[in-house]
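S.K.: What follows is a predicted protein model with its sequence.
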Amino acid sequence: MNAAKIFLSNFRNFGELDLELDAAINIFLGRNAQGKTNILEAIHFASLGSSRAAKDSELVRWGETSAVVRIDFVKAGISHRLAIEVAAEKRRRILLDGISTRLRNLIGRLATVMFSPEDLFMFKGAPAVRRRFLDAVISQASPVYFADLTAYNRIVEQRNNLLKKIREGLSAPNNLELWNEQLAETAAKIVTKRLEAVEKLNAVAAAVQQKISTQTENLSICYDVRGLQDLSRPQNFDAEWYSQNLQARNFADVQRGSTSLGPHLDDLQFFLNGRELRQYGSQGQIRTTTLALKLSELQFLKAAAGEYPILLLDDVMSELDAARREQLLTFLLREKIQTLITATEKTYFPEQPAGKVFHVEGGRIV
Ligand code: ATP
Ligand code: MG
């Protein structure tokens with residue numbers, strides 16, 4: 001996968017940007033607050049249809065009414081044009097090859113992997129951050145998964161509304177039946193896909209980690225189904241299992257007014273040589289593991305789509321030591337992975353950078 005052209009109009013601090021990308025490695029240099037991250041954010045936004053950080057209205061340049069991100073890219077040898085228009089007041093418009101389309105048809109078209117310093121907090125952060133990581137990976141590989149997830153979230157919301165109504169005596173408990181069935185079925189589909197993905201990520205992560213860490217460190221990822229009562233017994237998380245266990249929680253769920261079982265609560269655990277990273281990981285180990293995880297995400301998406309996604313490295317060169325930076329650049333060049341890297345300092349790159357350098361200044365490339 002390759003993005004050939006990026007066009008921005010009134011996106012963040014860019015009035016207009018017309019950018020052609022013809023090298024594999026693209027380095028965006030500039031002082032703080034010039035717009036480097038905004039370029040990466042635009043691509044990430046076009047890839048997932050959402051921004052990690054912002055609401056649509058915040059993406060529109062101050063004082064303007066709408067913003068456009070347009071990306072020409074080549075996938076499996078075929079050129080495509082993807083355009084998203086966002087406005088503060090209006091609904092978002094997505095055009096794929098000139099045809100208006102829905103968000104669920106957008107995910108996975110332009111696959112990206114983003115690595116930014118905030119990812120370093122993933123291990124210690126709230127479970128939602130780790131679920132978002134996993135969901136973004138799987139959704140890009142499987143649009144069906146994204147559709148199931150959207151449906152699931154809606155079902156949980158509706159079940160929760162009903163639980164509250166029952167608690168207030170405004171609805172009868174046997175109305176839960178229908179929602180339990182729907183929830184069980186969708187939950188099973190999601191967890192099956194997540195377990196599968198974790199298994200694949202584990203296989204590649206272990207290999208990648210060995211390559212980029214100086215000591216032999218063994219990374220393993222565990223999917224944690226929250227709310228299990230009997231941990232000793234192997235479980236089969238199918239619709240039947242969810243159905244039975246939801247049923248058993250009807251009363252408790254009514255009391256708390258929310259659904260206490262399901263993939264919306266599950267978590268991921270990361271172990272390094274058998275010890276949990278969130279408790280025992282040093283800063284350096286966290287950096288290497290995050291990098292390993294991002295590279296695993298690349299391999300995972302490559303296996304799913306037949307080609308590498310676009311890699312977006314925001315401000316992470318300064319987080320890696322010289323040896324790892326070099327290993328990383330060599331790997332990216334060897335594998336011909338289209339990469340956009342931001343940095344404030346040239347010093348993070350070899351004398352003769354193996355890519356094209358762009359200077360970003362005040363919302364322009366100079
Ligand atoms: P750093 O090196 O500090 O990470 P950066 O070059 O990555 O800097 P960006 O995060 O891309 O900088 O942000 C550049 C500027 O864009 C910021 O000063 C921010 O205030 C500005 N900005 C953010 N949103 C908007 C918007 N909607 N309209 C106009 N400017 C905006
Ligand atoms: Mg930045």
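M.R.: Structure's in. What do you need? Residues are numbered from 1 along each chain as shown. Ligands and ions are numbered 1, 2, ... in the order given.

S.K.: Local confidence estimate at the residue of the stretch 201-350 of the chain at minimum distance from ligand 1?
M.R.: Ligand 1 sits closest to residue 344 of the stretch 201-350 of the chain, with a gap of 5.2 Å, by CB to the nearest ligand atom. In short, each C-beta sits where N, CA and C put it, glycine included. Among the per-residue scores, residue 344 holds a pLDDT of 93.

S.K.: is it true that it touches residue 29?
M.R.: Yes. With contacts counted by CB atoms under 8 Å, residue 344 reaches residue 29, the gap being 7.2 Å.

S.K.: Which of these two has more residues huddled nearby?
M.R.: residue 29 (20 against 15; other CB atoms under 10 Å).

S.K.: for that one, phi and psi?
M.R.: Per-residue torsions, residue 29: phi -110, psi 150 (degrees, to the nearest 10).

S.K.: Please look at it and residue 356 and confirm they touch.
M.R.: No. If you go by CB under 8 Å, residue 29 and residue 356 don't touch, sitting 11.0 Å apart.

S.K.: Residue 71 belongs to a strand?
M.R.: Yes. Counting by DSSP: H, G, I helix; E, B strand; the rest coil, residue 71 falls inside a strand.

S.K.: show me what contacts it?
M.R.: Residues in contact with residue 71 (CB atoms under 8 Å, 6 or more residues apart in numbering) are 3, 5-7, 43, 46, 81-83, 110.

S.K.: ok, 7 Å please
M.R.: 3, 6, 43, 46, 82, 110 (CB atoms under 7 Å, 6 or more residues apart in numbering).

S.K.: Next, the first one: secondary structure please.
M.R.: Put simply, residue 3 is strand when judged by three-state DSSP.

S.K.: before we move on, back to that, Serialize the contacts of residue 71 to a markdown table and add fields for neighbour count.
M.R.: Shown next, in a markdown table, are the contacts of residue 71 (neighbours: other CB atoms under 10 Å):
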| residue | neighbour count |
| --- | --- |
| 3 | 23 |
| 6 | 21 |
| 43 | 22 |
| 46 | 22 |
| 82 | 20 |
| 110 | 22 |
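
S.K.: any weak-confidence spans in this protein?
M.R.: Flagging of the chain using pLDDT under 70 yields the residue ranges 213-215, 230-234, 352-353.

S.K.: Point to the residue nearest the middle of it.
M.R.: residue 136 (3.6 Å; CA atoms, centre = their mean).

S.K.: Against residue 109, how distant is the spatially closest residue to that one that is not a sequence neighbour?
M.R.: Closest residue to residue 136 apart from its sequence neighbours, by CB to CB, 6 or more residues apart in numbering: residue 48 at 6.4 Å. According to CB to CB, to the nearest Å, residue 48 and residue 109 sit 10 Å apart.

S.K.: Verify the stated contact: residue 119 with residue 290.
M.R.: Yes. Between residue 119 and residue 290 there is a contact under CB atoms under 7 Å: 5.3 Å.

S.K.: Contacts for stretch 236-254, please.
M.R.: Residues contacting stretch 236-254 (CB under 7 Å, 6+ apart): 163, 166-167, 173, 176, 180-181, 183-185, 187-188, 191, 225, 235, 259-261.

S.K.: Ok, stretch 103-120 next?
M.R.: Contacts for stretch 103-120 (CB under 7 Å, 6+ apart): 1, 40, 43-44, 46-49, 71, 73, 82, 94, 96, 139-141, 143, 146-147, 150, 286-287, 290, 294, 297-298, 301, 305, 309-316, 319.

S.K.: Span of it from start to end?
M.R.: Chord length of stretch 103-120, first to last residue, is 28 Å (CA to CA, to the nearest Å).

S.K.: Check stretch 120-135 too.
M.R.: By CA to CA, one end of stretch 120-135 lies 18 Å from the other end.

S.K.: quick one on the thing from earlier: how close does the residue nearest to the centre of the chain sit to residue 321?
M.R.: Residue 136 sits 28 Å away from residue 321, taking CB to CB as the criterion.

S.K.: all strands in the stretch 201-350 of the chain, in order from the N-terminus.
M.R.: 219-224, 267-272, 275-276, 310-314, 339-343 (DSSP state E, counting those that start in this stretch).

S.K.: Switch these over to a markdown table; also include distance to ligand 2.
M.R.: Formatted as a markdown table, the strands of the stretch 201-350 of the chain follow (distance: least, CB to the ion, whole Å):
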| stretch | distance to ligand 2 |
| --- | --- |
| strand 219-224 | 27 |
| strand 267-272 | 26 |
| strand 275-276 | 30 |
| strand 310-314 | 6 |
| strand 339-343 | 6 |
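
S.K.: could I get these as JSON lines with mean neighbour count and distance to residue 22?
M.R.: Formatted as JSON lines, the strands of the stretch 201-350 of the chain follow (neighbours: other CB atoms under 10 Å; distance: least, CB to CB, whole Å):
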{"stretch": "strand 219-224", "mean neighbour count": "18", "distance to residue 22": "35"}
{"stretch": "strand 267-272", "mean neighbour count": "18", "distance to residue 22": "37"}
{"stretch": "strand 275-276", "mean neighbour count": "12", "distance to residue 22": "44"}
{"stretch": "strand 310-314", "mean neighbour count": "24", "distance to residue 22": "14"}
{"stretch": "strand 339-343", "mean neighbour count": "24", "distance to residue 22": "13"}
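
S.K.: a markdown table please, covering those and showing distance to residue 159.
M.R.: What follows is the strands of the stretch 201-350 of the chain, written out as a markdown table (distance: least, CB to CB, whole Å):
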| stretch | distance to residue 159 |
| --- | --- |
| strand 219-224 | 22 |
| strand 267-272 | 21 |
| strand 275-276 | 32 |
| strand 310-314 | 36 |
| strand 339-343 | 41 |
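
S.K.: Sort out which of the contacts of stretch 103-120 are in helices and list them.
M.R.: Members of the contacts of stretch 103-120 lying in helices (criterion: DSSP state H): 40, 43-44, 46-48, 139-141, 143, 146-147, 150, 286-287, 290, 294, 297-298, 301, 305.
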